[in-house]
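Visitor: what follows is a protein structure lacking sequence information:
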């Protein structure tokens, strides 16, 4: 118990340091790095992170993501349904093609490469592969971390240098525009999780609260976001659990994947730029907004970048959220069908 408490405090302190460096998802990365360092440098210390604590954290994170869904987001989705579907199909198709090429050239598991290349966020893909023993979680984690960091670092640089975007402010959390008090997350998260488990949705502890909160936010006109002091520990808990699942020795063996991941990330960003030009010309919003909506990063990271540049955050949320839901709802059954065992 004491070791876990010390581990949590260390991860929280590291996350606070990463906040000052303006790194993306600082507390999630703080938990991940702390857990990995503990497993690598202090192998004699027997410490783990309970799955139950991770699941409580997922309920909070699910509400946090769902709370960004508003009536504007829903209206954008309805009026731009064709564009949203097209953008989602293009970026997922490019990711699957790159995963196939990477698996062939690097001679790694195709299923692991598909999970690692999917632009659905590190937490989501790790949750998906956790239930599948055929997938190497270390490859998935390495690919997701490098892709996410590469996108979050390169995308703001590209929009500022190539598109003349101006940073109007720095934000570390989504703004509070009022609405139902954030404590509503308790019944919403529990109910959403329960229903998601009953209908066998993938990653129910995360996807259930997202859908329940999104529906409630649209119906009531909005909900307050999770306060920073609650979201930060939740991200730390998720990061610690994820880090504890990694094998440091096997991670070192995946170093041959780094060049393929970097090239694949660059190609995904290039595809995003091309598709962003199409969307911008079709619907009339700015190229910067379209690029952030298409970029294969996370909802929070791309939305915060959009807010700091004065862009249309509801558009960014719409495209990013639909892609996230498409990956969670459509990809697992497709993977199960694609990689189903061959009967003799």
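Guide: Ah, there it is. A quick note: this is a predicted structure, and the numbers were derived from the prediction, not measured.
Visitor: pull the residues that contact stretch 310-324.
Guide: Outside stretch 310-324, the residues within contact range by C-beta atoms under 8 Å, 6 or more residues apart in numbering are 65, 68-70, 72-73, 76-77, 80, 84-85, 87-88, 91-92, 119-121, 124, 165-166, 168, 214, 285-286, 288-290, 292-294, 297-299, 302-303, 306-307. Quick note: C-beta positions are derived from backbone N, CA and C, even for glycine.
Visitor: now do that stretch, average pLDDT.
Guide: For stretch 310-324, the mean per-residue pLDDT is 79.
Visitor: now it: buried residues?
Guide: By neighbour count with 16 or more other C-beta atoms under 10 Å, stretch 310-324 contains the buried residues 311-324.
Visitor: just give me how far it sits from the chain centre.
Guide: Distance of stretch 310-324 from the chain centroid (C-alpha atoms, centre = their mean, to the nearest Å) equals 13 Å.
Visitor: all further residue positions should be reported with the first residue as 598.
Guide: All set: I'll call the first residue 598, so the last point we hit is now stretch 907-921.
Visitor: report the buried residues of the one helix or strand residue 603 maps to.
Guide: Using DSSP states H and E, residue 603 maps to helix 599-617. Using 16+ other C-beta under 10 Å as the test for burial, helix 599-617 gives 604, 605, 607, 608, 609, 611, 612, 615.
Visitor: what is the nearest of the residues you listed to residue 936?
Guide: residue 608 (34.4 Å; C-beta to C-beta).
Visitor: residue contacts, that closest one?
Guide: Each residue near residue 608 by C-beta under 8 Å, 6+ apart is listed here: 624, 627, 628, 630, 631, 632, 833, 836, 837.
Visitor: name the nearest residue to the second one, sequence neighbours excluded.
Guide: Read that as residue 627. Sequence neighbours aside, residue 612 is the residue nearest to residue 627 in space, at 3.0 Å (criterion: C-beta to C-beta, 6 or more residues apart in numbering).
Visitor: quick check: that neighbour touching residue 630?
Guide: No. Using C-beta atoms under 8 Å, residue 612 is not in contact with residue 630, being 9.1 Å away.
Visitor: do you have the helices of the stretch 598-747 of the chain handy? List them.
Guide: Applying DSSP state H, counting those that start in this stretch to the stretch 598-747 of the chain gives helices spanning 599-617, 623-638, 648-663, 668-676, 678-703, 707-714, 719-727, 734-758.
Visitor: dump these into TSV; add mean pLDDT and distance to residue 786 as well.
Guide: Putting those into TSV (pLDDT from 0 to 100; distance: least, C-beta to C-beta, whole Å) gives the following:
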stretch	mean pLDDT	distance to residue 786
helix 599-617	86	21
helix 623-638	81	18
helix 648-663	85	4
helix 668-676	77	20
helix 678-703	88	26
helix 707-714	84	25
helix 719-727	66	15
helix 734-758	75	24
